[in-house]
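Chemist: Please work out how this folds:
(chains A and B)
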Amino acid sequence: MRCAILMIICLSALPAAADTALLKAHCSRCHSGDEPEGDFAVSTLAAAVTADTVGLWESSLDYVRAGEMPPADESRLLPAQREEIVQFLEAGLRAYNRQQTVQRVPVRRLNNREFENSIRDVLLIEDVGTHLPTANLIGDSLHHGFDTHGDTLGFSKFHLEQYLESTRRIVDATILSTPRPPSQTYRITPRQIAEAHTSQNTTRPERRGTRDRFDFLDPLKAAYFEPFEVVPETGWYRIRIRCTGRDRGRYPSEETGMYDADPIQLTVQMGGRSKTFDLPDDDVVELELKEWLAAGTRLRLRHPTDGLRMRGNGNFKFQNAITGHYLEQHNPDLFQSVLASARPARNGRKRSAYDWHHWVDHWMGPRPQILSAEVVGPTFEQWPPQRQTRLLGSQPELDQATRILLPIARRAWRREVLPEELDPIVTLVREKAKSLGVVEALKEGVVAILVSPPFLLVDQPQLSDDERFAARLSRFFHSTGPSDRLRRDAAGWTNYEDVRRAVASEIADSEELPFLTAFPTAWLELNDINFMAPDPDTYRHYHRKRVSEDMVREVLTFFRHVVKENRPVPELLTADYSFVNADLAVVYGLSDVPADSTLRRYQFSDGRRGGLLGMGAFLTITADSLGTSPIHRAVYVMENFLGLHPDPPPADVEIQEPDVRSARTIREVLAAHRSDKSCAACHRSIDPWGYAFENFDPVGGWRDVYQNPEQKQGPSKGGIPVDASAEFRSGTRYRDIVQFREVMRQPASRNRFVRCFVVKLLMYANGVEPTDFTEVDRIVSVSAAHEYRMIDTIAAVIDSPLFREAN
Amino acid sequence: MKATRRTVLQGIGGALSLPLLEASAGDAALSSGPPMRFLVVGNPYGAHPDHFFPRDFGTDFRISPTLRSLDWLKDRMTILSHTDHNMVSGHGREISFLSGVLPADSQAFAEKNMSLDQLFARHVGSQVRYPSVGASLEAGIRMSWTANGVEKLPITDPQDLFDHLFLNLTPEQKAVRRRMLERNGSILDTVGSQFERALKQASRSDRQRADQFQTSVRELEQTLADRTTWLEKKKPSFDISEHFTSQVTIANRYDAIFDMIAYAFQTDLTRVASVEFPAALKYTDIDGVNRSYHGCTHNGRKEDLVSELVAIESFQVERLARCLKTLDAIAEPGGEGSLLDHTIVLFGSGMGYGGTHSNRDLPIMVAGGGFAHRGHVDARDNSGRNMPLCNLFVALLQRFGVERDRFNTSTGRFDLA
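Modeler: Model prediction:
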């Protein structure tokens, strides 16, 4: 085998002499010597790829293929010559990739999402339990947004101890070894409903309901039932709440920040589980929930709204002034009498007529109202409860321990398990049964199965090829271990068409596919959206209406649409539509969007927006709080949409701190920066990917001029006009975002984007970037042959050895 | 808390002497005399340079605005200008603060990116009840890393910290705890031995994680065993309620944390403590601060935003200064001088200044530890190159009693005797 490989290298090295000459002729003027541009000397490529130079070969190929290198202004490379260099570089990489064994995937622990979902499915329960049993887990560190990155997910005694604790708590709320607790009925009057303090400052008394109702006045504060604040015993509970929605639309929508078309809602939060209901206006309904609640769960009720934060710093008390304005207009007599009886402030000063102090007692804002409630439980459909007998049988015997634990271990370890493999655990169970009793001892066995390497570590070597494929598929789509059905079926999916059908049905069958949320969140680093939130004084709407949540929902809704409808992958980037609601319409300057919070498909006709490139999420994540930086946006576009990795500035470079007081535009600052030769080499390649977005302010709103916050008055009040044009090193120019988006639709950019998307999918699946450049190229060509359709592309990734055989 | 030697003795009575007396069977080289301790305080964004670094060098410098609350300690501290870990710019590299090594590069180092505090904690070992204590509010800043290259997370709630350090269990609770320790021990025993062989079969590339698993099992077994031993021994009692009688602010929550650490040092519950000021915390409690910490660092040089940032940074130093006053008022229980003289104090960040994303010129201040302090020092060498911060760490290591003359990226030893 080795001989064959050597032969290939020799063969491919033969015609190489001519091409290295070409490389030398066209590249070495800049890329040679002691300080080559971009810190890259063409001689380092040598004649064949090695482990050390593979990255340079890949980026060289990418730049030459895209026409960016050699730069248009410095080279007269003929198209045929370019093609020659491309083929030379491709052949070198192909030869190198052929020597590579299968994609190495670092063994890693389950991340916290997978841990929760997997335990849920092993124990056949609806979720890990309402008592927040995993709240103690050490958080997963992210690697460029990904929580699946092998080398980042560490394992230590701290992790192991937290897993032990969490697992115990989950198992304790599933298998009940205590005597059956009696059921109780709690009847809750409005007076027994209290508004919980939000801070630790507990000196003020909590507000309670009146004789006949409890009103949610301050949406930040949750309410609780005093007789049933904490669930006393684990079991089924039936919760009935008689309630209604009040005063929707009484106050003007622009003052409350709540849309008249949105229903008033009530959220019942049971520890880690919550359910939200739409309430009818003024008609009393009885909500009924039947839930398995774990002992220790706190029951809380909330009014979920992003409104009622339009005044002052968002503190609810300031909103009460809305009542003053309302009464002045609708009930002037009351307005006058309240003011007449108002007492001056303690310091003797007279408060203004619209000061919130006067109006607290007259507040009539939109809110849920509870009239009464009843909780009954814990009840059990049988004893021991079903979820216990499902795992252990109704009367577990010690000599049946292996038979009982075997199916649990199979689900947990994602593979066939031989009975004798469980011997050490069964020995433990026997030992413990003497002091703890059979059920409690079996729980020890279940815990042991769940804190073992085959459960906590993914892709263990004991898995057969089929088992590993099923486990990886399930992790990819569902973030959990494979179901029995998937383990059975996946073995039969041996070719692309099988896989394509399977992927299509996975996507069609499941409404809440974790992939549809977890992947875009990681890829687009959505959790970073408020890492540097826009300035609260300048971008008030963003903060008052929690617009970042709408922006994230926009991305997820759009991504979901593209996947579910099997749209072409490039549409993600440059579609002419997106999903917006009234809050986003304010940011995007749209006037024809219904006034409510529902995201609806919106067709943009100006060529400026639509797809990820026009979304507030991308434009906000990449902005500073007061200004925008074309560099940050360029780096994001390169890393996440083009698969390019620009080097960070070297350690010894002096970085200019942005100065918003200055009248210089960012373009002038960067031009000065680029006059430094060592900076210029990289920045000429980076900056053009960012200038196009200069018309978007830090929250993604459109601007034609830079509004210097320091110069709202005075001579330059009009601001400095935005220039969003630039020229790529390929010679391609654009005038503004509209033309830039055209560039992004061209084949060169489109291929880079699809390639980048494929790499990100593999990153999500494998926890490491794929090492086989040639195979990724092949996946992209399969995708291209299917019009880049989403499902077809995902199928090509899953059918690839990079996914199937990764080990 | 105003603690003198007398109040401490009154407050603790017989309970205190127990951990002190029994803290002798350690594994590290034990010197006679009082132990050395280590307190490190870190933040994720460095400091606004013009306000942090004094304008003049030497021992006769004028205290800078950010460090003003430490003016009383001016003659007993060292501020280092021009040190770094030679990191490129950008966020995420500040996590190398206490090691000089990023997780991504850690394979090249024997102890990975193990941080200074954890190295000290390992050195102290089971001589004390808690090898190290880490505390923060809301979240951490990822500055503590173990020898496995795994992050050690701080306790983020003062009440949890209190329970951890000072809550004495009732006999019934102890019995429950002991049974649970024993049950967990059996499970680890079973799992550890059952998969030993399977993990050994793992291919070379998978070995690392497999080893991590086995190491974790062994270490946790040891920890549970230690815990079982310590379970029988009474903790010193302590009262932090004064911090929570009025409005709960981040100031009195941090003061509570620092008071608990000072007392834990005094009673030798621990000798290594780290306190973190995270990015996510709401600093708007502080007078004059309206924005997020991160938002203030990118102030675009607007004066009002810069002053908000400096208010946050000064706040961090003030909390530390208050703690150092406390430590300085307590006579060293087993020796000369104050507790502060026997505590190496380090304040700083792995980031130079958030506003420029620069990771050069880290803001670094050292106090206590019985050093002959040098005031404000320009650490550059003759050719004007910054000093590796690890050179300072070598000096701290030696003072702590760890016999080493190099640490990760050090090129020498910073002269601090």
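
Chemist: So what would you say the end-to-end distance of stretch A:530-539 is?
Modeler: With CA to CA, to the nearest Å applied, stretch A:530-539 spans 13 Å between its terminal residues.

Chemist: swap that for stretch A:443-457, please
Modeler: Per CA to CA, stretch A:443-457 runs 21 Å from first to last residue.

Chemist: Chain A contacts on the stretch 251-400 of chain B?
Modeler: Within the stretch 251-400 of chain B, the residues that sit near chain A (CB under 8 Å from any CB of the partner chain) are B:290-292, B:294-295, B:298-302, B:305, B:355-360. To be clear about C-beta, it is placed using only N, CA and C from the backbone, and glycine gets the same treatment.

Chemist: Report the buried members of these.
Modeler: Buried members of these, counted by 16 or more other CB atoms under 10 Å in any protein chain shown: B:290-292, B:294-295, B:298-300, B:302, B:305, B:355-360.

Chemist: Nearest to chain A among those?
Modeler: Of all these, B:Gly300 has the smallest distance to chain A: 3.1 Å, by CB to the nearest CB.

Chemist: before we move on, what SS does the closest one have?
Modeler: Classification of B:Gly300 using DSSP: H, G, I helix; E, B strand; the rest coil returns coil.

Chemist: And the one 5 residues further on, by the same measure?
Modeler: Here B:Leu305 takes the helix state, with states given by three-state DSSP.

Chemist: Could you check how far the closest residue to it other than its chain neighbours is from A:Leu77?
Modeler: If the residues on either side of it in the chain are set aside, B:Leu305 comes closest to B:Asn299, at 3.4 Å by CB to CB, 6 or more residues apart in numbering or on different chains. According to CB to CB, to the nearest Å, B:Asn299 and A:Leu77 sit 46 Å apart.

Chemist: Of the buried ones among the residues of the stretch 251-400 of chain B next to chain A, which is the nearest to B:Glu111?
Modeler: B:Asn359 (21.7 Å; CB to CB).

Chemist: how about the nearest residue to the closest one once chain neighbours are set aside, what does it touch?
Modeler: Spatial nearest neighbour of B:Asn359, chain neighbours left out: B:Met87 (4.1 Å); criterion: CB to CB, 6+ apart. Neighbouring residues of B:Met87 by CB atoms under 8 Å, 6 or more residues apart in numbering or on different chains: A:651, B:93, B:96, B:102, B:350, B:359.

Chemist: let's see it at 10 Å
Modeler: Applying CB atoms under 10 Å, 6 or more residues apart in numbering or on different chains to B:Met87 gives the contacts A:648, A:651, B:93-94, B:96, B:100-102, B:350-352, B:358-360, B:362.

Chemist: now do B:Val101
Modeler: B:Val101 touches B:85, B:87, B:95, B:107-109, B:111-115, B:145, B:149, B:390, B:408-409, counting by CB under 10 Å, 6+ apart.

Chemist: and with 8 Å instead?
Modeler: B:108-109, B:112-113, B:408-409.

Chemist: Derive a ChimeraX selection command for the buried subset of those residues.
Modeler: This is the ChimeraX syntax for the buried subset of the contacts of B:Val101, where burial follows 16+ other CB under 10 Å:
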select /B:109,112,113,408,409
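
Chemist: and which of the contacts of B:Val101 is nearest chain A?
Modeler: Nearest to chain A, judged by CB to the nearest CB, of the contacts of B:Val101 is B:Lys112 at 9.8 Å.

Chemist: what ranges do the helices span in the stretch 301-450 of chain A?
Modeler: Secondary structure of the stretch 301-450 of chain A (DSSP state H, counting those that start in this stretch): helices located at A:316-319, A:321-330, A:332-340, A:386-392, A:401-413, A:423-436, A:438-450.

Chemist: What of the stretch 51-200 of chain B?
Modeler: Using DSSP H, counting those that start in this stretch, helices in the stretch 51-200 of chain B cover B:116-124, B:158-166, B:171-194, B:196-201.
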